[in-house]
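S.K.: just to be clear, the model below is a prediction. Sequence and coordinates:
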Amino acid sequence: MPLITDIKTFAALGSGVIGSGWVARALAHGLDVVAWDPAPGAEAALRQRVANAWPALQKQGLAPGASQDRLTFVATIEACVRDADFIQESAPERLDLKLDLHAKISAAAKPNAIIGSSTSGLLPSEFYESATHPERCLVGHPFNPVYLLPLVEIVGGRKTSPDAIEAAKVIYTALGMRPLHVRKEVPGFIADRLLEALWREALHLVNDGVASTGEIDDAIRFGAGLRWSFMGTFLTYTLAGGDAGMRHFMAQFGPALKLPWTYLPAPELTDKLIDEVVVGTSAQLGEHSIAALERYRDDTLLAVLDAVKTSKAKHGMAFGD
Ligand SMILES: NC(=O)C1=CN([C@@H]2O[C@H](COP(=O)(O)OP(=O)(O)OC[C@H]3O[C@@H](n4cnc5c(N)ncnc54)[C@H](O)[C@@H]3O)[C@@H](O)[C@H]2O)C=CC1
Ligand SMILES: C[N+](C)(C)CC(=O)CC(=O)[O-]
């Protein structure tokens with residue numbers, strides 16, 4: 001039986017920050033969405049989050065027929081996945097929970113529906129261990145906000161078939177995303193391995209009293225953060241080597257890698273460090289609500305995406321290049 005790639009109904013299990021982002025993306029692409037989340041009040045919270053995302057999605061352009069009314073919230077896992085053409089799980093990041101959940105999801109789903117998990121770094125071979133038809137099960141790791149950021153890392157487990165990886169690429173592309181197949185199943189995949197290294201160093205800088213949370217964020221957003229929206233570290237550093245490129249860059253800056261610039265192991269998460277990070281980021285939030293900052297972030301991301309697209313077109317490149 002061929003895997004389903006032309007999807008009409010999207011099932012979302014877990015409707016927190018990431019699940020609601022998937023729901024918003026799928027609705028904006030004109031799909032019917034069925035959602036399930038066991039928390040009391042989850043449906044209202046989901047509809048609220050989708051409504052907050054909708055203005056940005058309208059600016060980006062909705063698919064014909066796209067509507068928030070095409071979201072149905074159901075009471076059981078089985079009702080959520082039974083008729084779904086594609087399933088995305090965004091439940092809490094706990095191996096035991098995902099293992100149990102995927103045994104239930106996969107048993108109730110159509111046998112040829114792809115099942116994706118949003119996990120940030122757990123291994124699919126482990127949490128799909130008890131799945132029915134595990135060959136169609138994989139990771140589709142998105143980035144927050146899921147409804148705007150294109151990247152989705154696709155990671156297969158030991159039992160995932162190559163056909164399922166290809167089917168997932170087709171599905172996520174149809175949802176307006178940029179799939180990146182992580183060919184080796186490693187914890188943290190590619191992107192979170194990089195982000196975690198930065199995050200650990202940032203926490204050390206706070207812990208050691210070198211900088212406040214706001215100063216560290218300034219160091220990112222006025223410098224490398226601007227470059228990262230259109231050029232990765234390898235190409236950026238090639239340009240930093242001047243006409244001699246990467247070879248000169250390595251000769252000049254390679255030795256610094258042996259200097260003790262970075263700590264790598266995570267700092268102890270003491271109450272003092274947690275308080276400092278919470279107080280620092282509360283000051284950064286100021287009077288703004290999370291929802292207001294999400295709208296600001298969405299508008300800014302749309303402008304950045306637009307600018308990158310326009311500039312690439314001027315230089316003969318497609319957005320995905
Ligand atoms: N927050 C982030 O920046 C990102 C998170 N992820 C991944 O997405 C997944 C979800 O994370 P968030 O949305 O941030 O968490 P969240 O805490 O915002 O949402 C989790 C939701 O799952 C629900 N839930 C609780 N028990 C459940 C169960 N047994 N089955 C299904 N749902 C259940 C909760 O009620 C809650 O609504 C995790 O695997 C996480 O690693 C991926 C990319 C980014
Ligand atoms: C913090 N995080 C590990 C959950 C982050 C991600 O997984 C991706 C993101 O959106 O930064």
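M.R.: Nice, I can see it. Ligands and ions are numbered 1, 2, ... in the order given.
S.K.: Pro260 and Pro55, how far apart?
M.R.: 47 Å (CB to CB, to the nearest Å). Where C-beta positions appear, they are placed from N, C-alpha and C, glycine not excepted.
S.K.: among these two, which residue is more densely surrounded?
M.R.: Pro55 (13 against 5; other CB atoms under 10 Å).
S.K.: the more buried one - nearest residue in space that isn't next to it in sequence?
M.R.: Closest residue in space to Pro55, ignoring its immediate chain neighbours: Arg295 at 6.9 Å, by CB to CB, 6 or more residues apart in numbering.
S.K.: list the buried ones in the helix ranked longest in the chain?
M.R.: Looking across the chain with DSSP state H, the single longest helix is helix 290-314. Applying a neighbour-count criterion of 16 or more other CB atoms under 10 Å, one finds 294, 298, 301-302, 305 buried in helix 290-314.
S.K.: with stretch 73-90 instead?
M.R.: Buried residues in stretch 73-90, counted by 16+ other CB under 10 Å: 73-74, 77, 80-82, 84-90.
S.K.: what's the answer for stretch 162-177, then?
M.R.: Here stretch 162-177 shows 164-165, 167-172, 175, 177 as buried, counting by 16+ other CB under 10 Å.
S.K.: smallest gap between the stretch 151-300 of the chain and ligand 1, at which residue?
M.R.: Closest to ligand 1 within the stretch 151-300 of the chain is Asp192: 8.1 Å, counting by CB to the nearest ligand atom.
S.K.: secondary structure element for that residue?
M.R.: Following DSSP states H and E, one finds Asp192 within helix 191-207.
S.K.: and ligand 2, is that helix touching that?
M.R.: Yes. Against ligand 2, helix 191-207 shows contacts by CB under 6 Å from any ligand atom at 192, 195.
S.K.: what's the mean pLDDT across that helix?
M.R.: Averaged across helix 191-207, the pLDDT comes to 95.
S.K.: so who does Thr119 touch?
M.R.: 93, 98, 127, 139, 141 (CB atoms under 8 Å, 6 or more residues apart in numbering).
S.K.: excluding its backbone neighbours, what's nearest the second one?
M.R.: Computed as CB to CB, 6+ apart, the closest residue to Lys98 that is not its neighbour in sequence is Phe127, at 4.0 Å.
S.K.: residue numbers of the stretch 101-250 of the chain in contact with ligand 2?
M.R.: 120, 143-144, 192, 195.
S.K.: would you mind measuring from Ala266 to Leu180?
M.R.: Separation of Ala266 from Leu180 (CB to CB): 25 Å.
S.K.: the more surrounded of these two?
M.R.: A side-by-side neighbour count of Ala266 and Leu180, using other CB under 10 Å, places Leu180 first with 18 against 12.
S.K.: bridging residues for that one?
M.R.: Glu153 (DSSP bridges).
S.K.: so it touches Phe143, yeah?
M.R.: No. The pair Leu180 / Phe143 is not scored as a contact, 10.8 Å apart, by CB atoms under 8 Å.
S.K.: OK, contacts around Pro111?
M.R.: Pro111 touches 1, 132-133, 136, counting by CB under 8 Å, 6+ apart.
S.K.: which residues touch Val182?
M.R.: Going by CB under 8 Å, 6+ apart, Val182 touches 139, 153-155, 189-190.
S.K.: quick one: pLDDT of Ala39?
M.R.: You'll see Ala39 listed with a pLDDT of 98.
S.K.: how about Val278?
M.R.: pLDDT, Val278: 88.
S.K.: mind listing what's buried in the host helix or strand of it?
M.R.: Using DSSP H and E, Val278 sits within helix 271-285. Of the residues in helix 271-285, 276-277, 280 count as buried by neighbour count, 16+ other CB under 10 Å.
S.K.: is it positioned near ligand 2?
M.R.: No. Using CB under 6 Å from any ligand atom, helix 271-285 stays clear of ligand 2, with a minimum separation of 13.7 Å.
S.K.: for that helix, name the packing helices and strands.
M.R.: Where contact means 3 or more CB pairs under 8 Å, 6 or more residues apart in numbering; DSSP states H and E, helix 271-285 is packed against helix 191-207, helix 213-219.
S.K.: now find how far off-centre the first one is within its chain.
M.R.: Yep, that's helix 191-207 we're talking about. Put simply, helix 191-207 sits 17 Å off its chain's centre (CA atoms, centre = their mean, to the nearest Å).
S.K.: next: the shortest one.
M.R.: Once both centres are worked out by CA atoms, centre = their mean, helix 213-219 turns out to sit 23 Å from its chain's centre.
S.K.: please enumerate the helices of this structure.
M.R.: Under the criterion DSSP H, the chain contains helices at 17-28, 42-60, 77-81, 95-108, 124-127, 162-174, 191-207, 213-219, 225-228, 233-240, 245-253, 271-285, 290-314.
S.K.: the third one packs against which elements?
M.R.: Here helix 77-81 touches strand 9-13, strand 32-36, helix 95-108, going by 3+ CB pairs under 8 Å, 6+ apart.
S.K.: with distance to ligand 1 and mean pLDDT added, can I get those in TSV?
M.R.: What follows is the helices and strands packed on helix 77-81, written out as TSV (distance: least, CB to the nearest ligand atom, whole Å; pLDDT from 0 to 100):
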stretch	distance to ligand 1	mean pLDDT
strand 9-13	5	99
strand 32-36	7	99
helix 95-108	5	98
